[in-house]
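Attaching a predicted model along with its sequence, questions to come.
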Amino acid sequence: MTQPLSANQALAIVENCPLPLVLVNRNGDVSGYNLAFEQLLTCLRRCGEHAAKTTPLGDDPLRALVDAQGTVSWTEHSGEQRHLSINSFALAEHGNMQVRIFVDISEQVRLQQALGAMDEKIRRHSLTDSVTGLLNERGLMLALEPQVARSRRYDRPMAVIMLSLDQTVVQRAVLMDVARHLKDQLRWADLIGCTEQGEFMLVLPETTAEAAFALADKLEQQLGGLAPCANSDWFCFGVAGWRKSDNAGTLLKRAAQALARARAERKLHFVAS
């Protein structure tokens with residue numbers, strides 16, 4: 001059967017603990033700390049001496065550490081960021097004194113920041129929308145350029161439809177329903193994209209502006225029941241037919257202008273002039 005630590009054993013463990021540890025009484029005054037905490041204070045005071053301006057811990061790092069909650073962070077004079085997580089517990093048998101232990105989580109924070117930066121880089125270079133699985137705006141632009149080149153080379157028609165949903169009634173499930181419906185209704189050669197703002201973009205090769213307008217009219221009737229809580233004008237369309245002077249950017253811009261005009265005039269769909 002194990003025996004509880006003696007007072008000398010406990011004191012030796014605390015003194016040699018690699019984690020900074022401080023004992024605070026019920027009045028918030030420091031009753032004592034170990035060698036690791038003393039080394040931490042020395043480091044913070046040196047940082048303060050080398051800082052061009054007041055550090056986040058101020059001129060009294062001891063008081064700042066005692067009063068801090070959750071985490072505390074600072075920049076060393078080498079430029080390295082340091083982060084400590086603060087863990088506290090009370091010693092009920094000793095006048096409710098509080099023990100505060102400081103755990104260095106700098107490496108963990110750096111890894112989290114690196115992971116966040118990597119996720120952002122992946123997101124920026126992704127070609128698909130995370131909600132619908134459709135092409136995102138970047139992916140659609142890359143796919144649209146060859147279609148524009150083909151129309152220009154062979155003098156073939158092409159059209160773009162932009163579909164905007166009322167964001168006050170659109171939720172993730174509705175976006176996914178609309179995406180599935182569009183994939184079911186469009187041809188294999190058509191391109192479908194979705195922006196971060198929840199706007200759908202349909203690229204229709206071998207399609208005139210008139211035929212695209214008719215498709216928008218058909219989709220209007222079919223989409224009406226996908227958001228039963230919405231009113232009859234919870235979506236609208238902007239249609240643009242390709243012109244010889246168009247590149248991918250100008251074609252999408254004209255479709256967006258038609259969509260904006262449809263919104264402004266409260267029409268379900270509008271064809272770019």
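Now that the structure is in, tell me what you want to look at. Numbers count the residues shown, from 1 in each chain.

all contacts plus neighbour counts: C-alpha atoms, from now on.
Fine.

name the helices or strands packed onto the strand ranked longest in the chain?
Criterion DSSP state E: the longest strand present in the chain is strand 81-91. For strand 81-91, the packing partners by 3 or more CA pairs under 8 Å, 6 or more residues apart in numbering; DSSP states H and E come out as strand 71-75, strand 97-104, helix 106-125.

which element is Thr175 on?
Check again: residue 175 is Leu, not Thr. For Leu175, the element it lies in under DSSP states H and E is helix 172-185.

Tell me the helix or strand right after that helix.
Beyond helix 172-185 on the C-terminal side, the first helix or strand identified by DSSP H and E is strand 191-194.

angle of the next helix or strand after that following strand against helix 172-185?
As assigned by DSSP H and E, the chain's next helix or strand after strand 191-194 is strand 200-205. Angle between the axes of strand 200-205 and helix 172-185 is 10 degrees (criterion: axes from the mean of the first three to the mean of the last three CA atoms, to 10 degrees).

what sits up against strand 200-205?
Identification of contacts with strand 200-205 by CA atoms under 8 Å, 6 or more residues apart in numbering yields 144, 147, 157-164, 189-195, 212.

what lines up beside it in the sheet?
Using DSSP bridges, strand 200-205 pairs in its sheet with strand 158-165 (antiparallel), strand 191-194 (antiparallel).

Let's have those in CSV, adding mean neighbour count and mean pLDDT.
CSV is the format used below for the strands paired with strand 200-205 (neighbours: other CA atoms under 10 Å; pLDDT from 0 to 100):
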stretch, mean neighbour count, mean pLDDT
strand 158-165, 25, 92
strand 191-194, 24, 92
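
Next, format these as a markdown table and append distance to Gly79.
As requested, those are exported to a markdown table (distance: least, CA to CA, whole Å):
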| stretch | distance to Gly79 |
| --- | --- |
| strand 158-165 | 47 |
| strand 191-194 | 42 |
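
closest to Asn247 out of these?
Each of the strands paired with strand 200-205 has some distance to Asn247 by CA to CA; the shortest is strand 158-165, at 11.7 Å.

just how off-centre is that closest one within its chain?
Relative to its parent chain, strand 158-165 has a centroid offset of 26 Å by CA atoms, centre = their mean, to the nearest Å.

center of the chain - which residue?
Nearest to the mean C-alpha position of the chain, counting by CA atoms, centre = their mean, stands Glu120 at 7.6 Å.

any idea how far Gln112 is from that one?
Separation of Glu120 from Gln112 (CA to CA, to the nearest Å) stands at 12 Å.

which residues touch Leu226?
174, 177-178.

would you say it is within a strand?
No - assigned with DSSP: H, G, I helix; E, B strand; the rest coil, Leu226 falls outside any strand and is coil.

Return the per-residue confidence for it.
On pLDDT, Leu226 comes in at 70.

Also Ala92?
You'll see Ala92 listed with a pLDDT of 79.

now Ser73: how far from Gln98?
Distance from Ser73 to Gln98, by CA to CA: 21 Å.

Please apply the same query to Val148.
Separation of Val148 from Gln98 (CA to CA): 70 Å.

between the two, who's got more neighbours?
Neighbours were counted for Val148 and for Gln98 using other CA atoms under 10 Å; Val148 has more, 23 against 20.

and that one, what helix or strand is that in?
If you go by DSSP H and E, Val148 is part of helix 137-154.

quick one: low-confidence parts of this structure?
Low-confidence segments of the chain (pLDDT under 70): 1, 48-58, 123-124, 167-170, 227-233, 268-270, 272-273.

Domain-wise, how is it divided?
7-114, 126-271 (automatic domain parsing).

so which of the ones you listed is the most packed in?
The highest mean neighbour count among these, using mean count of other CA atoms under 10 Å, belongs to domain 126-271: a mean of 18.
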